[in-house]
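Novice: Prediction below, plus the sequence it came from.
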Amino acid sequence: MSEPVYVTKTRTAYDTVADSYAEMLKDALDASPWDRAMLGTFAELVGASGPVADLGCGPGRLTGFLASLGLDVFGVDLSPGMVDAARRAHPQLRFEVGSLGALALDDGCLAGALAWYSLIHTPPELLPSTVSELARVLAPGGRLLTAFQVGDEHGCISQGYGHEISLDAYRLQPDLVADMCSAAGLKVEARLVREPQSPLEKTPQAYLLARKPS
């Protein structure tokens with residue numbers, strides 16, 4: 001069975017930009033206190049309760065940050081190029097190739113899941129099943145933290161990180177994502193919407209934290 005076109009396009013685009021992306025964003029977290037605050041809250045809530053997966057980890061910059069906060073964390077990404085970059089940057093951590101829509105993880109095996117701007121390439125009509133997949137791998141009491149651009153637009157990206165690519169990206173409304181989490185059996189604990197903080201950000205950015213009931 002062939003994979004969906006959007007999956008192939010996403011993998012190809014991120015394989016193309018992997019090394020440039022890793023270099024350009026390697027210090028981006030230093031300039032974003034909001035990102036650090038949300039990731040820190042997530043890390044404190046999850047603590048030592050079990051393994052955490054950075055789903056759509058890219059070159060592992062947030063995987064490494066969560067590890068520095070004491071989490072037992074590993075990364076999963078659709079792009080082999082991104083996984084190679086992550087392994088080079090963080091040889092002490094585990095990284096695997098995988099798809100958010102069909103994770104090679106057991107039911108209830110994670111204390112935490114991070115989906116940091118990794119839901120934005122899935123067509124909105126397919127997002128509920130992807131969120132359900134994230135909920136499936138969470139243990140009771142486990143938490144999901146996701147971040148995304150706010151809006152209703154569908155963008156077709158043709159240039160990125162110095163390369164020509166073809167990539168679809170979808171902005172999302174926090175209420176819509178919250179409803180998907182609720183439908184998947186998760187309880188939304190917090191949401192935050194902030195204004196753009198750099199010229200690279202064209203819209204408000206959202207963070208949403210949800211918990212799987214015990």
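Specialist: Here it is on my side, so go on.
Novice: from here on, contacts and neighbour counts on C-alpha atoms
Specialist: OK.
Novice: Longest helix in the chain, please.
Specialist: Among the elements of the chain assigned as helix by DSSP state H, the one spanning the most residues is helix 5-24.
Novice: for that helix, packing partners?
Specialist: If you count contacts as 3 or more Cα pairs under 8 Å, 6 or more residues apart in numbering; DSSP states H and E, helix 5-24 packs onto helix 80-89, strand 163-170.
Novice: most neighbours per residue, which of those?
Specialist: Mean neighbour counts were compared across the helices and strands packed on helix 5-24 using mean count of other Cα atoms under 10 Å; the top stretch is helix 80-89, at a mean of 22.
Novice: ok, and for the longest helix of the chain, which residues are buried?
Specialist: 6-7, 9-19, 21-22 (16 or more other Cα atoms under 10 Å).
Novice: And the residues you listed, which is closest to residue 122?
Specialist: For these, the minimum distance to residue 122 (Cα to Cα) is 7.2 Å, reached by residue 6.
Novice: ok, now how distant is the closest one from residue 58?
Specialist: Noted for residue 6: a distance of 17 Å to residue 58, by Cα to Cα, to the nearest Å.
Novice: coming back round to it: and the angle from the longest helix of the chain to helix 80-89?
Specialist: 30 degrees (axes from the mean of the first three to the mean of the last three Cα atoms, to 10 degrees).
Novice: Select the longest strand from the protein.
Specialist: strand 138-149 (DSSP state E).
Novice: about what we covered before: following the chain past the longest helix of the chain, name the next helix or strand.
Specialist: As assigned by DSSP states H and E, the chain's next helix or strand after helix 5-24 is helix 33-46.
Novice: before we move on, back to that, show me what the longest helix of the chain is in contact with.
Specialist: 58-59, 78-82, 85, 121-123, 160-163, 165-168 (Cα atoms under 8 Å, 6 or more residues apart in numbering).
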